[in-house]
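1. coords below, sequence missing:
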């Protein structure tokens, strides 16, 4: 112990005597450790920590799927849920839920609250109890009593965490509701992206909702808890059996459609459902940060080897006084531990900053309300382990160099660089080559992601989003049960919009692009025969008015769009997009044909005459081709209670938002306009999963480039110092300064060439993992690879210039005198 304390004191002395060297080592390691800590904190929260529910490993998302219709996830319907609740032995419990938008009038202000409408069994399935009060019972849910359970956010926002909130009355959708409970802050029900319910309301089922006619209305989600020992495979098999039984019991058209679409039920672990594609993104970031850490370690190891050479006289004296190889090696290890420990502290602060940048760029990948935090026991233990791994790693080669030469150290040759032998030089050169090669892999990856992102941004969504603002409106079913009431309300909205100064165009639609809103439905085309095994067409359905297409600049390709004269008492009309027209009207004019939501032989089916064809619009992702067609119905004929305003205006954001809210307030003080945003912002938000990894890997790659160039510069400066005497003698014997300049430059060039060659191989291997992240370019894009190699080569050669100039400026007279 005394020896270790002595070594530690010596290490602190070295830090004071050589602050520049130690600062460089600490900051270099801090960069690598900080980046890894930030990404690992997300990795741990996302993939390693238990779910915030007791026995969370037994929770599964239960849903319908239509693989032959290219629809993997379709939610669930009420009758499907009831079948599974009563017939699947593998389920210990199961709950169902959906989302509502509630208009809340509180303290004189109308606001919108997203509600999770849930069966009473969902709380028991998830195994979470309220922190105050209770949840509702099955009987209360079925009677759809006006009871409400607050989430932590709503409790804080609306009631300032009042502990006496139970029994309080809330005016919701024009009715009085009673607060009966408050859920804990950690309680978040996973659902569709961007949907987090602030309150929980009862989900009761009407006789109509329970009927077989509701199969296919899959607007709900369902979570089940497996019995101990039960498996997902058993649940899947049981759902297949239920589908088979239903096919025998229900009318033949059900079985025909199900067979054509491949319909069945599936269960998926709740973690897998919630994580989705985010796991691949975070693994990509983790591998990138590991490469940065390896480069940082190689750089610091090189610096420590250079320091060992500079301290050769100290080692010689200690060896002469009886210090063995192990004692010298131990001193190096203690110094590396000290540097790594200080770097870890600095790295934690860097990690905190990286996390802020990561989520500021839109990498919203943490489900269940999880937060990635740096200063937690688990992360701190992980950082400690990293220090214990990194310290020996950076000390290994310096220790080997010291132990290899310790028996040769003597005061006579101490001043001649006993540690600066060829083996040490080869080791240091190898570290520089490794840094350069890893930098190539990172830079190529970053370049591919950047070019891919640029290609995505260049994609047209099918409309003009510039100066377009959007706002959402939700009409409560209780207050606006009839289509005529909703149509009248939207007419008043249009009248108010005409009075807002600065609005050049406006329209309405039921599902905005890039918002995860909007419905999908199977449909039929009147008179079009389908093959025996051909499934019903399935696509997006939107409800829009005549102003929507003009405001969005969606091109009209044929016929007309909607008109103000399209009313409930006129013939139902529809507009289809180009994709639908290309699929089903290749050899005929779609204008005048009929489209509907049911089977052609369904006597109750409503048929809509196609009056126009418009351009195809991307609704969710710029980086994906449109695979699902869209047909539009007239909002004047089928007014959807969930509407969104689209307005084109050059007004400042605050002025426009105020104008929209005031316009809605004039019509109905309890009816707020919410989620006001530009369409451009919605598009950019949808790219967060691309933008954040691209930006972060770009920063990591730039850091790796800087570290590699510093390493190359340091090595060449060291070699010039070691050959100082040789260069002086050569100049004295007639060599030209340009020859020495070329010698050092060529030595650096060889290192660069080897690093780039090895790096190219690594890059070609690494970029194969990026294939799923790329858009519009190849994983072996020659332009990106060439640009990276040129940048690294030029930067590396610039780093070689100063050592080469120092070699050319050696004064032979001073060298000969010192010799």
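-> Cool, the structure landed. Since this is a predicted model, take the numbers as computed values, not measurements.
2. so where's the stretch 551-700 of the chain shaky on pLDDT?
-> 598-603 (pLDDT under 70).
3. So which residues of it form strands?
-> 556-559, 573-577, 594-596, 607-614, 630-634, 642-649, 674-678 (DSSP state E, counting those that start in this stretch).
4. Show me what the third one is packed against.
-> Using 3 or more C-beta pairs under 8 Å, 6 or more residues apart in numbering; DSSP states H and E as the contact criterion, the elements in contact with strand 594-596 are strand 524-525, strand 607-614. Where C-beta positions appear, they are placed from N, C-alpha and C, glycine not excepted.
5. So for it, what gets flagged as buried?
-> Neighbour counts over strand 594-596 (16 or more other C-beta atoms under 10 Å) mark 594-596 as buried.
6. Stretch 779-799 too?
-> Applying 16+ other C-beta under 10 Å to stretch 779-799 flags 779, 781, 784-785, 788-789, 792-793, 795-796, 799 as buried.
7. Those in helices, which ones?
-> Using DSSP state H, the subset of these located in helices is 784-785, 788-789, 792-793, 795-796, 799.
8. Just put those in a markdown table and tack on pLDDT and distance to residue 66.
-> Output for these, formatted as a markdown table (pLDDT from 0 to 100; distance: C-beta to C-beta, whole Å):
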| residue | pLDDT | distance to residue 66 |
| --- | --- | --- |
| 784 | 94 | 39 |
| 785 | 94 | 42 |
| 788 | 94 | 44 |
| 789 | 94 | 48 |
| 792 | 93 | 50 |
| 793 | 93 | 53 |
| 795 | 92 | 53 |
| 796 | 91 | 55 |
| 799 | 89 | 59 |
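9. May I see the residues you listed organised as CSV, with distance to residue 514 added?
-> Shown next, in CSV, are these (distance: C-beta to C-beta, whole Å):
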residue, distance to residue 514
784, 28
785, 33
788, 33
789, 37
792, 38
793, 41
795, 39
796, 43
799, 45
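10. quick one: which two of those are the most distant?
-> 784 and 799 (22.5 Å; C-beta to C-beta).
11. which ones are touching the closest residue in space to residue 716 that isn't next to it in sequence?
-> In space, and not counting its chain neighbours, residue 716 is closest to residue 803: 3.8 Å by C-beta to C-beta, 6 or more residues apart in numbering. Contacts of residue 803 were listed using C-beta atoms under 8 Å, 6 or more residues apart in numbering, and they are 713, 716-717, 719-720, 744, 748.
12. Just confirm residue 803 is within a helix.
-> Yes. Remark: residue 803 belongs to a helix, assigned using DSSP: H, G, I helix; E, B strand; the rest coil.
13. Do you have the strands of the stretch 701-819 of the chain handy? List them.
-> Counting by DSSP E, counting those that start in this stretch, the stretch 701-819 of the chain has no strands at all.
14. which regions of it sit below the pLDDT cut-off?
-> 724, 811-819.
15. Let me see the ranges of the helices in it.
-> Taking DSSP state H, counting those that start in this stretch, the helices of the stretch 701-819 of the chain run over residues 724-732, 737-766, 782-808, 812-818.
16. Tell me where the stretch 1-150 of the chain has helices.
-> Using DSSP H, counting those that start in this stretch, helices in the stretch 1-150 of the chain cover 2-17, 19-43, 78-87, 121-126, 138-142.
17. and stretch 472-483, which residues are buried?
-> Result for stretch 472-483 [16+ other C-beta under 10 Å]: buried residues 472-476, 479-480.
18. Also stretch 804-812?
-> Neighbour count says stretch 804-812 has 804, 806-808, 810, 812 buried, by 16+ other C-beta under 10 Å.
19. For that stretch, which outside residues touch it?
-> 716-717, 720, 723-724, 727-729, 731-732, 737-738, 740-745, 748.
20. ok, 6 Å please
-> With contacts defined as C-beta atoms under 6 Å, 6 or more residues apart in numbering, stretch 804-812 is touched by 720, 727-728, 731-732, 737, 740-741, 744-745.
21. closest to residue 586 among the residues you listed?
-> Comparing the contacts of stretch 804-812 against residue 586 with C-beta to C-beta places residue 745 closest, at 65.7 Å.
22. show me the contacts for that closest one.
-> Per C-beta under 6 Å, 6+ apart, neighbours of residue 745: 800, 804.
23. coming back round to it: with respect to residue 511, which of the buried residues of stretch 472-483 is nearest?
-> For the buried residues of stretch 472-483, the nearest to residue 511 is residue 472 (10.4 Å; C-beta to C-beta).
24. Then that closest one would be within a helix, right?
-> No. With three-state DSSP as the criterion, residue 472 is strand rather than part of a helix.
25. returning to that earlier point: can you check which of the helices of the stretch 1-150 of the chain gets nearest to residue 173?
-> Closest approach to residue 173 among these is made by helix 138-142 (17.6 Å; C-beta to C-beta).
26. Buried residues, that closest one. List them.
-> Buried positions in helix 138-142, judged by neighbour count with 16+ other C-beta under 10 Å: 140-142.
27. Going by contacts, tell me the helices and strands next to that helix.
-> For helix 138-142, there is no helix or strand it packs on, judged by 3 or more C-beta pairs under 6 Å, 6 or more residues apart in numbering; DSSP states H and E.
28. what helix or strand does residue 441 sit in?
-> helix 422-458 (DSSP states H and E).
29. If you compare the directions of that helix and helix 782-808, what angle comes out?
-> 140 degrees (axes from the mean of the first three to the mean of the last three C-alpha atoms, to 10 degrees).
30. Could you tell me the average pLDDT over helix 422-458, please?
-> In this model, helix 422-458 carries a mean pLDDT of 88.
31. same thing with stretch 120-133?
-> Here the average pLDDT along stretch 120-133 is 95.
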